[in-house]
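> just the structure for this:
(one chain, ligands or ions: 1)
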Amino acid sequence: KDGYNLWLQYDYIQNNELRLAYKSNISNILALGDSETMQVALNELQLGLSKMLGTEILSQKDLKGENLVIFGTQSNLDKKLIKKLKKELEQINNEGFIIKQIIIKGKKHIIITGKTDVGVLYGVFNFLRIIQTHKSIKNIDVLDSPKVDIRMLNHWDNLDRTVERGYAGFSLWDWHRLPDYIDSRYVDYARANASVGINGTAITNVNANALILTPQYLEKVEALANVFRPYGLKVYLTARFSAPIEIGGLKTADPYDAEVINWWKEKTKEIYKRIPDFGGFLVKANSEGQPGPQNYGRNHVDGANMLAEAVAPFGGIVMWRAFVYSEHDADDRAKQAFSEFVPYDGQFKDNVIIQVKNGAIDFQPREPFHPMFGAMPKTPLMMEFQITQEYLGFSTHLVYLPKLFEEVFEADTYRAGKGSTVAKVIDGSLHNKKITGVAGVSNIGNDRNWTGHPFLQANWYGYGRLAWNPHLNSGDIAEEWIRSTFSNDTHFINPIKEMMLNSRETVVNYMTPLGLHHIMDTGHHYGPGPWVENLSRPEWNPVYYHKADKNGIGFDRTNSGSNATNQYAPEVADIFNNTATCPEKDLLWFHHLSWDYKLKDGNTLWDGIALKYQQGVNEVETMVHTWKSLEKYVDNQRFNEVEMLLNIQHKESKWWRDACLLYFQQFSEKELPEGVEKPIKTLEYFQSLKFPFAPGN
Ligand code: BDP
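Okay, the predicted model is just below:
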């Protein structure tokens, strides 16, 4: 048990009664159709059922016997069966599925079907999950469809196999040995993605290298696409805007230049010739030094539309990122993406989707939802989450991110009245969007257990589940994951689920409580660095974000400050503008307040901040104890790994607390309140720490 099998453990069901109940409903398997996808569905079903039921489950070719698990697309079903399932078939979309007990010629069977091969594959994985999580299959009747079209992983993987902000080893893609050497990991990667419904992967870094678009590399990309295809996983590439110059020999990359337009059209044709189902391009342009249309006096619409025209004949899309902030713009960084993009609403081509980070700064432990959500009714907007923990303890800290994702999805934009949640913006229902999508920056590397920390597999899993349906509950997802990955014993599930669900608030408490943000150390973003103030661009410095001084702390984004609140719907702006209604979790994001400001619980702001840091540390201590008490339910390897990692997290939570409190104390000039441990080390000590080789930088 080294974690390699992720949530696809398919553990033998020890409980006799339960196993026999399953066996009485499952004899053999009957696959209808023999496409590559049906083949992998059959393999998975055989593997999963045989392991869990402890007997070999065979595949048969005809309808002999009873209690068969029959699966295939609608087009492979006979007319009578289609008629029987008519109502259900009308209710699912192209990637949806039906799992249902049916009677054929007086015999009981289970049918798994859908409109497409991949829909059936999702149904097969869902059926396996039902058994993995020990749910009853008696009279089974399940119907489900994804609520979002594009459900992507974004790999920030470089061609030299380093991974930007990746903390789980090197890139999975072994470019040197591709295309001839197919690592079995590629298959397991695709299986894992399909099992949670992820249907797209952008395999290269948004800080792109044009070489990926040369024939030498496209041949390798094609090999990967061939492995992923049966699993419904489409490949996307990041397009470096200056590629026509770098690999095309042109003098310009101006999107108005005829040769440039033609170069992209020809390049796109070349890609589709190799990969007919290529998904399209993901672009970071005019952001953090990346080239883009503005280099030629053009704008985002010009750039995105040019690429969109190139991929349109093949059904491809362009995901154009809104993560922009300029060194020439003195305005609050949090406002810049909105200011730059919202005026373009309605001007992008139909196959362009704007990819927006969940918050307006950058993947902090907590950010209020990005004001662009709901503000571009005529433009498809796609969510970008970061699954890799650049700002949340790398792959060392246990933080269950679906809790964060859920908070963002549930936020109310009020753009079409109360109840206009971000989830409804993303699933397209709020403004009737033609394309919908969610992207997650992957936390996967070539570490044996994929994510570095056994529990961070849950973030890949949970991300996939929420991309499938942004309205799912993070607690339910945690329970599914625990059951499939570790154990179905409620003595284990209940405390672990609680630990996971609390872990997100815990990291906020010991890193950035009460709306503080971006106070991580420079460059690598590892550990605290609220004192950093010497970087060339002001908005790269933590002091820009906390603005601590003798009078208080926090960033005034109300109408007396940067007025970033004005980018939200008036109802939301009112809530944030007023300290009485602004949620305390976001307080210092929106307000600069005196150290004596009274919090709702009666504490002063200074005491409140200090107590939150302490609470974070205490909570990690509880996590350590919880884990220790559950040793008997876990295999040795994963138990020891998690124990060591939790101990590091504990140590580092104290580092965060002490470094931040010592630093802020210089301004507040107040004693630590009762209950907060006194730091043993000095501020100078914390400031002297350097991490020249921190991973992922
Ligand atoms: C920031 C990262 C940087 C990424 C950038 C992005 O620090 O490495 O390139 O986001 O999303 O979070 O483009």
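> hang on, Ile98 is in a strand, isn't it?
Yes: secondary structure assignment places Ile98 in a strand (DSSP: H, G, I helix; E, B strand; the rest coil).
> the spatially closest residue to it that is not a sequence neighbour: neighbouring residues, count only.
If the residues on either side of it in the chain are set aside, Ile98 comes closest to Glu88, at 4.6 Å by Cβ to Cβ, 6 or more residues apart in numbering. All C-beta spots, glycine's among them, are computed from the backbone N, C-alpha and C. Glu88 is flanked by 19 other residues according to other Cβ atoms under 10 Å.
> may I have the phi/psi pair for Pro528?
phi -80, psi 150 (degrees, to the nearest 10).
> okay, it: pLDDT?
Looking at Pro528, its pLDDT stands at 98.
> what do you get for Tyr272?
For Tyr272, pLDDT reads 99.
> again, but for the one 10 residues further on
The confidence metric pLDDT takes the value 99 at Leu282.
> for the one 3 residues further on, same thing?
Looking at Ala285, its pLDDT is 98.
> for burial, what's the neighbour tally of it?
The burial count for Ala285: 25, using other Cβ under 10 Å.
> that one contacts Arg298, correct?
No: if you go by Cβ atoms under 8 Å, Ala285 and Arg298 don't touch, sitting 10.2 Å apart.
> if I look at Gly297, how far off is Thr622?
57 Å (Cβ to Cβ, to the nearest Å).
> between the two, which is the more surrounded one?
Using other Cβ under 10 Å as the criterion, Gly297 and Thr622 rank with Thr622 on top: 14 against 9.
> how about the nearest residue to Trp156, chain neighbours excluded?
Using Cβ to Cβ, 6+ apart, the nearest residue to Trp156 is Glu164, at 4.0 Å.
> just to check, that neighbour is in contact with Phe170?
No: with contact defined as Cβ under 8 Å, Glu164 does not count as touching Phe170 (11.8 Å).
> for Thr201, pull up the helix or strand it's in.
Assigned by DSSP states H and E, Thr201 belongs to strand 200-202.
> and that strand, which strands flank it?
For strand 200-202, the paired strands and their directions (DSSP bridges) read strand 150-154 (parallel), strand 234-238 (parallel).
> can you list the residues of the stretch 301-450 of the chain near the ligand?
323, 362-363, 390 (Cβ under 6 Å from any ligand atom).
> how does it look with 5 Å?
323, 362 (Cβ under 5 Å from any ligand atom).
> what about the helices in the stretch 301-450 of the chain?
For the stretch 301-450 of the chain, applying DSSP state H, counting those that start in this stretch gives helices covering 333-341, 402-410, 422-426.
> which residues are contacting the shortest one?
The set of residues external to helix 422-426 that reach it, using Cβ atoms under 8 Å, 6 or more residues apart in numbering, is 148, 369, 373-374, 381-383, 408-411, 413, 415, 430-431, 436-438, 470-471.
> report the longest helix in the protein, please.
helix 636-668 (DSSP state H).
> quick one: distance of it to the chain centre.
24 Å (Cα atoms, centre = their mean, to the nearest Å).
> next one: stretch 46-63
In terms of Cα atoms, centre = their mean, the gap separating the centre of stretch 46-63 from the centre of its chain is 33 Å.
> any idea of the mean pLDDT in that stretch?
Regarding stretch 46-63, the rounded mean pLDDT is 97.
> mind listing what's buried along it?
Residues 46, 48-49, 51-53, 57 are the ones in stretch 46-63 that count as buried (16 or more other Cβ atoms under 10 Å).
> between these, which is closest to Glu327?
Gly48 (52.6 Å; Cβ to Cβ).
> quick check, that closest one in a strand?
No: using three-state DSSP, the assignment for Gly48 is helix, not a strand.
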